[in-house]
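[1] below are the sequence and a predicted model for it; my questions follow.
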Amino acid sequence: MSRQNGRAEEGASDVGEQLALIREAVRETKAGRAKPRTWRGAELAAELPVARVLVDKGLVHLDRYFDYAVPAAMDAEAQPGVRVRVRFGAGEKGGRREGGKLVSGFIVERVAQSEYRGVLAPIAQVLSPERVLGPRLLALCRAVADRYAGTLADVVQLAVPPRRARAEAKSSPEPLPPNAPPDPGSWGRYAAGPGFLTALARGDAPRAVWTALPGATWPQELARAAAAALAGGRGALVVVPDGRAAARVDAALGELIGAGRHVLLTADAGPEERYRRWLAVSRGSVRAVVGTRAAMFAPVADLGLVALWDDGDASHSDPHAPQPHAREVLIQRSVSERAGFLLGGLSCTVEAAQLVETGWARPLAAEREQVRTAAPRVRTVGDGDEARDAAARAARLPTMAWQVVREGLKHGPVLVQVPRRGYAPRLACERCRTPARCRACAGPLEAQAAGELGCAWCGRPEPDWHCAECGGARLRAQIVGARRTAEELGRAFPAVPVRTSGRDHVLASVPEVPALVVSTPGAEPVAEGGGYAAALLLDGWALLGRPDLRAGEEALRRWLGAAALVRGQAEGGTVAVIAEPTLRPVQALVRWDPVGHAVRELSERAELGFPPVSRMASVAGRAEDVVELLRAAELPEGAEVLGPVPLPVPDPGRPRRPGDPPAGEEWERALVRVRPGQGTALAAALKAARAARLVKREGEAVRVRIDPPDLG
């Protein structure tokens, strides 16, 4: 595809002028003296007078570079990687052609000639001489865009933070010399742990999937891995799910190597401070980064290690187009920059299991005896409990759970994990637990004023509700929120303080004194001292019953995250999980065997042909638009189309998410499945089909997502 003049003069005003321009361009080419021309007549740079610019337009049919002329006055500053402003589009003004709207962009390279033989528009302004989009970062963004059927401009917007002039005006400090290699510390509990650190310090690029032991030492272990890479004279990048985890790793790394050798990149720092830290990385002042999802693109020089903690956390999947996952981005960086790779977590995803199964990475885990010592004892509602308590399996808090709480409070704080926050419960049939739905709009039923039953969506009363599945007429709370649970436990244990931790107010830690700590998954505070004396994992069936391919994996991940904060079995730590004990995730928790669970899940995915064994794309939009896009796309040979099927209408009671259809529209979704190795071709085909529809202005927009992690 020949490069176009980026919204410059698109041609002369009449055919005669156009022909004259063409003849002159041909004569200049034959004479070997073709030079760019600008309709403003500005003097151009003597060397490499053409700049290829990536404009900040995320439209898929504009995913290419545009050529602009470089005025001589901007020659020194208009270098590859800097931000510029250019005219994009053309219009009539005062009876003559003028450049279009000013838009931002990045110069990606300077060349001597343009393939476009018309008149080039000049660069309007160099916003800053700071080279923020270097060749390595540009190549990474291009690879991510191709992987996820997105546009380069969208990925660059995720990778390069917005400019802050005051931060750019300040110089960054000189880089400090490498630190000394760290001692193995708690990595000594893993057979291959010290060897992994030695390989990093030596300059090698080891790849490992690390199953961490329970406890609160994983931030120190991540810090030691980063310090080992720094000791070898290379850079390190550590990505974690949230700000709390980032702060813990940041503190551990600062204590290990001292100040000035790394930065923390999170949204909590504020736009200007975060950009200042990012510039320190880009300029080479620091060579180590700890951060959340956006840090996966941090331009660390001479990268020696990329590390990701808890890749199953949904926070690692960016909600903005093209929705890349941090795991895949870091895998790409490990390969292209020849860096070491560490994927760690208390649990194990099917993607992590596949990396080990294919031999791309090696397992890094402790011996079973070490695991049994570090993990707490896990209790379930078994046959013996049911014999003593006839309602044990149906009760939200059976007798066994009360016993665990009472015994734990004698020795320290007790953690109670509840799957949802808030107070108002959803209702379900007491007999079969089918959610109670409105007969008019299928909305959830709830207890309204004066104890009457009604719909939470349309308000229609349901005075005579009966379960459509079993005919039952009695209701129970489907999931009781954290605040409601805290009130109930407070009444049951009036002499014990009750603390809550959730989205609105997340506790970082709690003291080592008897207390009940009610938390939603992911918001569990760390117990000071030796950890929690016990933990209670409530409403397990609600996590396992989600209509999601990852329901079992996600339930186990959340349970392990809470149970790992409890003292080891040798210190009397106990965890009670309220769920059907025969289910695979529950048994994996009892045995503390996340890897075995992931391997079995991967085997089932292989039989079903679901990711990560295959590559899959989700195509969502109006039914007719989805069908037309798939019909026009040149899909790889053997591609299988599943659907389309209607997408469920989002609950009006929750905030809108990036993947939700526009309000008032009914969308359908089709899944396109291809064999391994065809993922790039699938992404390219869907991207090309979307671009063709936009150019022809056919139908409405269609959303394409490659390998969606939340496949239902």
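    Received the coordinates, thanks.

[2] so in the chain, where's the weakest helix or strand by average pLDDT?
    Confidence across the helices and strands of the chain bottoms out at strand 4-5, with a mean of 44, counting by mean pLDDT, DSSP states H and E.

[3] can you list the strands that whichever strand or helix holds Leu536 pairs with?
    In the assignment (DSSP states H and E), Leu536 maps to strand 534-537. Each strand that pairs with strand 534-537, with its direction, by DSSP bridges: strand 414-417 (parallel), strand 574-577 (parallel).

[4] same question for that strand, mean pLDDT?
    Per-residue pLDDT values over strand 534-537 give a mean of 94.

[5] for the lengthiest strand in the chain, list the C-alpha coordinates in PDB.
    Within the chain, and with DSSP state E defining each element, the longest strand by residue count is strand 96-111. Coordinates of the C-alpha atoms in strand 96-111 are reproduced here as PDB (Å, rounded to 0.1, in the frame of the first residue of the first chain):
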ATOM      1  CA  ARG A  96      -8.800  27.900  -1.800                       C
ATOM      2  CA  ARG A  97      -7.700  24.600  -0.400                       C
ATOM      3  CA  GLU A  98      -6.500  24.600   3.200                       C
ATOM      4  CA  GLY A  99      -5.200  22.000   5.500                       C
ATOM      5  CA  GLY A 100      -7.600  20.200   7.800                       C
ATOM      6  CA  LYS A 101      -7.900  19.900  11.500                       C
ATOM      7  CA  LEU A 102      -4.800  19.900  13.700                       C
ATOM      8  CA  VAL A 103      -4.200  16.500  15.300                       C
ATOM      9  CA  SER A 104      -1.400  15.000  17.400                       C
ATOM     10  CA  GLY A 105       0.900  12.300  16.200                       C
ATOM     11  CA  PHE A 106       4.400  10.800  16.400                       C
ATOM     12  CA  ILE A 107       7.200  10.800  13.900                       C
ATOM     13  CA  VAL A 108       8.300   7.200  13.400                       C
ATOM     14  CA  GLU A 109      11.100   7.900  10.800                       C
ATOM     15  CA  ARG A 110      12.700  10.400   8.500                       C
ATOM     16  CA  VAL A 111      13.300   9.500   4.800                       C
END
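
[6] quick check: Val510 touching Arg499?
    Yes - the pair Val510 and Arg499 passes the contact test of C-beta atoms under 8 Å, sitting 6.3 Å apart. Using the backbone N, CA and C atoms, a C-beta is placed for each residue, glycine as well.

[7] which one of those two has more residues nearby?
    Neighbours were counted for Val510 and for Arg499 using other C-beta atoms under 10 Å; Val510 has more, 22 against 16.

[8] quick check: the nearest residue to that one once chain neighbours are set aside vs Ala153, distance?
    Leaving aside its sequence neighbours, Val510 sits nearest to Pro525 (C-beta to C-beta, 6 or more residues apart in numbering; 5.0 Å). Distance, Pro525 to Ala153, using C-beta to C-beta, to the nearest Å: 41 Å.

[9] neighbour-wise, which of these two wins?
    Here Pro525 and Ala153 are set side by side on neighbour count (other C-beta under 10 Å), and the busier one is Ala153, at 22 against 19.

[10] any idea how far Ala495 is from the more buried one?
    Distance, Ala153 to Ala495, by C-beta to C-beta: 60 Å.

[11] which residues of the stretch 101-250 of the chain fall in helices?
    Defined through DSSP state H, counting those that start in this stretch, the helices belonging to the stretch 101-250 of the chain, from first to last, are 135-147, 152-159, 165-169, 193-202, 218-231, 243-257.

[12] looking at the ones you listed, which is closest to Ser603?
    helix 135-147 (25.5 Å; C-beta to C-beta).

[13] could you tell me how far that closest one lies from the centre of the chain?
    Taking C-alpha atoms, centre = their mean, to the nearest Å, one finds helix 135-147 lying 17 Å from the centre of the chain it belongs to.

[14] returning to what we had before: now, of the helices of the stretch 101-250 of the chain, which is deepest in the fold?
    Each of those was given a mean neighbour count from mean count of other C-beta atoms under 10 Å, and the largest, a mean of 26, is that of helix 218-231.

[15] tilt between that helix and helix 193-202?
    Compare the direction of helix 218-231 with that of helix 193-202 by axes from the mean of the first three to the mean of the last three C-alpha atoms, to 10 degrees and you get 30 degrees.

[16] and helix 218-231, what does it pack against?
    On a contact count with 3 or more C-beta pairs under 8 Å, 6 or more residues apart in numbering; DSSP states H and E, helix 218-231 meets helix 193-202, strand 235-239, helix 243-257, strand 288-291, strand 303-309, strand 340-345.

[17] wait, doesn't Val155 sit right on Pro322?
    Yes - with contact defined as C-beta under 8 Å, Val155 counts as touching Pro322 (6.8 Å).

[18] could I get the contacting residues of the nearest residue to Ala689 once chain neighbours are set aside?
    Counting by C-beta to C-beta, 6+ apart, Ala689 lies nearest to Ala633, which is 3.8 Å off, once chain neighbours are set aside. For Ala633, the contacting residues are Ala685, Leu686, Ala688, Ala689, taking C-beta atoms under 8 Å, 6 or more residues apart in numbering as the criterion.

[19] how about a cut-off of 10 Å?
    Ala633 makes contact with 617, 619, 639, 641, 672, 682, 684-690, 692-693, 704, according to C-beta atoms under 10 Å, 6 or more residues apart in numbering.

[20] narrow these to those in strands?
    Ala617, Val619, Val641, Val672, Val704.

[21] beta-bridge partners for the residue nearest to the first one when sequence neighbours are not counted, please?
    The reference is to Ala617. Excluding its sequence neighbours, the residue lying closest to Ala617 (C-beta to C-beta, 6+ apart) is Val672, at 4.6 Å. In this entry, Val672 is beta-bridged to Ala617, Val641, by DSSP bridges.

[22] Val672: how many residues sit nearby?
    Around Val672 sit 23 other residues, with neighbours defined as other C-beta under 10 Å.

[23] could you measure it against Ala606, distance?
    Distance, Val672 to Ala606, using C-beta to C-beta: 19 Å.

[24] next one: Thr211
    Taking C-beta to C-beta as the criterion, Thr211 is separated from Ala606 by 21 Å.

[25] more neighbours: the two, which one.
    Using other C-beta under 10 Å as the criterion, Thr211 and Ala606 rank with Thr211 on top: 23 against 15.

[26] that one and Arg277, how far apart?
    In terms of C-beta to C-beta, Thr211 sits 31 Å off from Arg277.

[27] just Trp465 next, same as before
    Taking C-beta to C-beta as the measure, Trp465 and Arg277 are separated by 56 Å.

[28] for Thr217, same thing?
    Computed with C-beta to C-beta, the distance linking Thr217 and Arg277 is 26 Å.

[29] between those two, who's got more neighbours?
    Residue environment comparison for Thr217 versus Arg277 gives the larger neighbour count to Arg277, 25 against 16, counting by other C-beta under 10 Å.

[30] just checking, that one touches Ala269?
    Yes - taking contact to mean C-beta atoms under 10 Å, the distance of 6.8 Å between Arg277 and Ala269 places them in contact.

[31] which residues do the two both contact?
    Val263, Gly291.

[32] any shared contact partners between Val510 and Arg499?
    Common contacts of Val510 and Arg499, defined by C-beta under 10 Å, 6+ apart, comprise Pro413, Val517, Ser519, Pro525.

[33] pLDDT added to those, as a markdown table?
    What follows is the shared contacts of Val510 and Arg499, written out as a markdown table (pLDDT from 0 to 100):
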| residue | pLDDT |
| --- | --- |
| Pro413 | 96 |
| Val517 | 93 |
| Ser519 | 90 |
| Pro525 | 94 |
